[in-house]
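[1] coordinates only, sequence not included:
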Ligand SMILES: Cc1cc2nc3c(=O)[nH]c(=O)nc-3n(C[C@H](O)[C@H](O)[C@H](O)COP(=O)(O)OP(=O)(O)OC[C@H]3O[C@@H](n4cnc5c(N)ncnc54)[C@H](O)[C@@H]3O)c2cc1C
């Protein structure tokens, strides 16, 4: 697959509107300028107006690079120098499908999300049954910085906004493992709802993330 360097993409996409799950444009830079070909659906721009790889699915990213390679005069040269994808030994040797991402490539929004939820739920699963004041403070700090620094900035913004609901109802519940695990499950369900995914039954979060399923398949 032809890969177009971000600096080439930048010239065209600085002027494109931000597009991510119908989230309205947030970057001024991405809104002004003349109109060019519309971005493929699902491509998200970073705050500096460049396409944000960690905010975009691999399918949309590939649509973007394909579009760019078709419209850029220098695309042939670019393609010929950067089409090599090292295929992991465990996967098929054929050209990857749009929804597959080789394991040694930068993560898209989905792979990053799955890995991050694994970390977050596992942090809840290993959280003390009853957390000390210090532990609660540490976790509060972690979540505060996490919601600022998560590499998909639109995800981070939404997560931060959800946590800061004016009613206070979404504030992290940090007293102990059960309430923290449940809170994390609800946070994840909020994203699931936003993305149109099935909600997870939070009564099962411990089996999924701590003890393993009762049928023993994880043992
Ligand atoms: C903080 C955060 C915000 C995100 N925001 C966005 C966003 O705005 N837009 C976007 O496109 N993507 C976002 N993502 C990524 C998104 O949530 C998914 O990770 C991604 O779409 C891949 O989804 P998936 O279906 O493979 O499973 P995931 O949603 O990643 O879930 C992984 C596994 O967790 C388990 N699980 C599912 N729901 C729950 C739950 N409620 N509680 C406990 N376990 C559960 C299931 O076993 C599932 O297979 C975000 C991720 C994070 C960490």
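    Received the coordinates, thanks. These numbers come from a predicted model, not from an experiment. Residues are numbered from 1 along each chain as shown.
[2] Contact residues of this structure facing the ligand?
    Neighbours of the ligand within the chain, by CB under 6 Å from any ligand atom: 21, 109-110, 113-114, 116-117, 121, 150, 154-155, 158-159, 185, 188-189, 191-192, 195, 197, 200, 205, 208. To be clear about C-beta, it is placed using only N, CA and C from the backbone, and glycine gets the same treatment.
[3] Selecting buried members of the residues you listed in PyMOL, what would you type?
    If you want just the buried ones from the residues of the chain next to the ligand in PyMOL, going by 16 or more other CB atoms under 10 Å, the selection is:
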select buried, resi 109+110+113+116+121+150+154+155+158+159+185+188+189+205+208
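[4] Mark which of the residues of the chain next to the ligand are part of helices, please.
    Counting by DSSP state H, the residues of the chain next to the ligand place 109-110, 113-114, 116-117, 121, 154-155, 158-159, 185, 188-189, 191-192, 205 in helices.
[5] Name all residues that make contact with the residue of the chain found nearest the ligand.
    Across the chain, the shortest distance to the ligand (CB to the nearest ligand atom) belongs to residue 113, at 2.2 Å. Residues counted as contacts of residue 113 (CB atoms under 8 Å, 6 or more residues apart in numbering) are 152, 155, 191.
[6] Repeat that for residue 128.
    Residue 128 neighbours (CB under 8 Å, 6+ apart): 135, 176-177.
[7] Derive a PyMOL selection command for the buried subset of these.
    Selection of buried members from those for PyMOL, criterion 16+ other CB under 10 Å:
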select buried, resi 177
